[in-house]
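Colleague: sequence-free structure coming up:
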């Protein structure tokens, strides 16, 4: 009987008493906090020495317990008391006053926990989202403070709530129209300030253009980053402070934190906002915040930290930088890396974050952010650095540009980078047209720079560029000059005198035959004429052959270019022609996957029967590459590798004109034109002249190849540059043969 009575009393207590006790306890704790401010006399005592943190925790526990009892759909009496008495407003005021010291951190912590633990959608209430918005304004004010971690957690909680219900953003974010009304009512000072901001934004592009021109003429060449970079960064930085404080501003401030964990949390929170795929949300973020200015301002500041005398080797040694990995380093990494490497990594990590932001953000946000990077970073900073006269500055900036290309994966940002480097022109080039696109012209010229290091670095830029999935790259560099096939002689089309046709087609071959060293045989040196491929006796014979026979002839033409006596790959295992086929197949499939959406033709454009008045111009890019290839026997080994690598990347593209011009030895070239094969024939002719003067040539070639492959210690060998050039030439011809093979039957160039 006693146990039943006890159970009945306990049930009565559980059903009726907690509501009264919870509310009473909640009110007592709140009054205990307010009484502290009435009764205390020690204003210097930190908040942790008071009972305020404990009382705030008790109030939070009561609210959580109450919600579990009533459910998230019903507002309990404690929550109603919190809302009616504007407790959050009062706490926000106390936190702003930082009284007692450390109160702001306790308030931020309380807000963060109440928003995170209460399932009820609190941010819909005016007495919640208004103090939340005020507290957001207080975040990020004191960099490296003890409150940073709690601020990052609070802002992350707010962003997560907005991500779940995007309608909440209108409560948290300041409305532009309301801001304009307040400016009108606040007097002419703020209006003048807004006009000054618009003036700064409108003058930014012209200022960047002015710096570009002066840098190219060498006016600012002696100052490096200290002039062009810092000026641009200052122009960019002055935009952000004039914008009103809001959630975006607070997040970017925490992204700048020296504590990487806090910066990582802020970065992830910002992505939660920009990735919301709702037009109204994206429009609100881009029109009512300084998102673009703040993101780009930090990017400029990080670039300014990179020293002007940066050693390019520092960048080359860096692996691909991921912003998540940078802000969340593993314990094994430690802090032993140099300060220079740290600042370079910080810049590349934030650029990678910008790239991720553009990838994941709504198109309304992604477009302006990418355009702002183009305007401020690319044009305002990188362009003057690339056009300067200091070789060290050009080299370091070029190497950094290559890294930026590798980091760029978003379509919008890649397009901005491509147009920055190459321009938007799509019409055929005109020789020495400096007005076409100054930066592109200078970059191509740098491929033939007096400094081999600059040439190699710039060629590497174009190699990376050609691997990017953007149609304008190949079109701007090469295809726009091949679109009319003016490199093909029109004689065959008009069925003119065959003798005259052959005369033009073999113009270079006849010149070589007149050379005393380019003969039918070399009895003194052992060179046989069979090692040099013969040109087809008639185009009709080529037309009769089917595609398989044609590609076999093309492959053999490249494989037989280098004389047998100059070949050394057969002395080593795993260096045959077949080793290139597998790699070429994978690379070709990769190019084809990119080109699927480019609407390239499957067959070459039919030739006009009328002679064209316009002489064929291969374009600035191919001209420099062919010039470099023609000097292959006299250039450093590393430079030759880079030249042949770029040409191989071009040859892989599945465009019929590009295939015909680069990989068809039997194309009927117009008078005065040169192709990749004709340039190689010239190099072989020069090789034959020079190689006979070197005794024991084969032995020395084998020794050099062993040195290059690490099978022999380096030792002084005469004519090392020439011998290395011969080895590169042999490998390049095998690579071209492999590319021609794997492109069959997708490419069957038409002889006409």
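Modeller: Happy to help now that I have it. Predicted, not measured: the structure shown is a model, and the values here were computed from it.
Colleague: show me where the stretch 551-700 of the chain has helices.
Modeller: Per DSSP state H, counting those that start in this stretch, the stretch 551-700 of the chain carries helices over the ranges 578-595, 620-630, 637-651, 656-663, 676-691, 697-708.
Colleague: which helices and strands sit right next to the third one?
Modeller: Counting contacts by 3 or more C-beta pairs under 8 Å, 6 or more residues apart in numbering; DSSP states H and E, the secondary-structure elements packed against helix 637-651 are helix 452-466, helix 620-630, helix 656-663, helix 720-742. To be clear about C-beta, it is placed using only N, CA and C from the backbone, and glycine gets the same treatment.
Colleague: give me the contacts around the second one.
Modeller: Here helix 620-630 makes contact (C-beta atoms under 8 Å, 6 or more residues apart in numbering) with 429, 431, 441, 444-445, 447-448, 455, 462, 477-478, 481, 617-618, 635, 639, 643-644, 646-647, 674, 676, 679-680, 682-683.
Colleague: redo that, cut-off 7 Å
Modeller: 429, 441, 444, 447-448, 477-478, 643, 646-647, 674, 679, 682-683 (C-beta atoms under 7 Å, 6 or more residues apart in numbering).
Colleague: just the pLDDT for the residue nearest in space to the middle of the chain.
Modeller: Closest to where the C-alpha atoms of the chain average out (C-alpha atoms, centre = their mean) is residue 408, at 1.8 Å. At residue 408 the predicted local confidence, pLDDT, stands at 96.
Colleague: just give the nearest non-adjacent residue to it, would you?
Modeller: Spatially, and ignoring its direct neighbours in sequence, residue 408 is nearest to residue 414 (5.1 Å; C-beta to C-beta, 6 or more residues apart in numbering).
Colleague: one more: residue 309?
Modeller: Distance criterion C-beta to C-beta, 6+ apart; nearest residue to residue 309, sequence neighbours excluded, is residue 392 at 6.7 Å.
Colleague: same for the strand or helix carrying the one you found, what does it pack against?
Modeller: Using DSSP states H and E, residue 392 sits within helix 391-407. With contacts defined as 3 or more C-beta pairs under 7 Å, 6 or more residues apart in numbering; DSSP states H and E, helix 391-407 has these neighbours: helix 312-316, helix 339-360, helix 383-386, helix 452-466.
Colleague: tell me which of these is the most buried.
Modeller: Of all those, helix 383-386 carries the top mean neighbour count, a mean of 24, counting by mean count of other C-beta atoms under 10 Å.
Colleague: model confidence over that helix, on average?
Modeller: Helix 383-386 comes out at a mean pLDDT of 96.
Colleague: and for residue 403, the neighbour number?
Modeller: 19 (other C-beta atoms under 10 Å).
Colleague: how about the closest residue in space to it that isn't next to it in sequence, what does it touch?
Modeller: The shortest distance from residue 403 to any non-neighbouring residue, by C-beta to C-beta, 6+ apart, is to residue 315 (5.7 Å). For residue 315, the contact set (C-beta under 7 Å, 6+ apart) comprises 344, 399-400, 403.
Colleague: same question, residue 283
Modeller: When contacts are counted by C-beta under 7 Å, 6+ apart, residue 283 touches residue 364.
Colleague: and residue 327, how many neighbours?
Modeller: Residues contacting residue 327 under the criterion other C-beta under 10 Å number 23.
Colleague: for it, what are its contacts?
Modeller: So residue 327 contacts 260, 263-264, 267, 349 (C-beta under 7 Å, 6+ apart).
Colleague: now do the closest residue to residue 337 other than its chain neighbours, the pLDDT please.
Modeller: For residue 337, the nearest residue in space outside its immediate sequence neighbours is residue 345; the separation is 7.9 Å by C-beta to C-beta, 6+ apart. Listed pLDDT for residue 345 reads 95.
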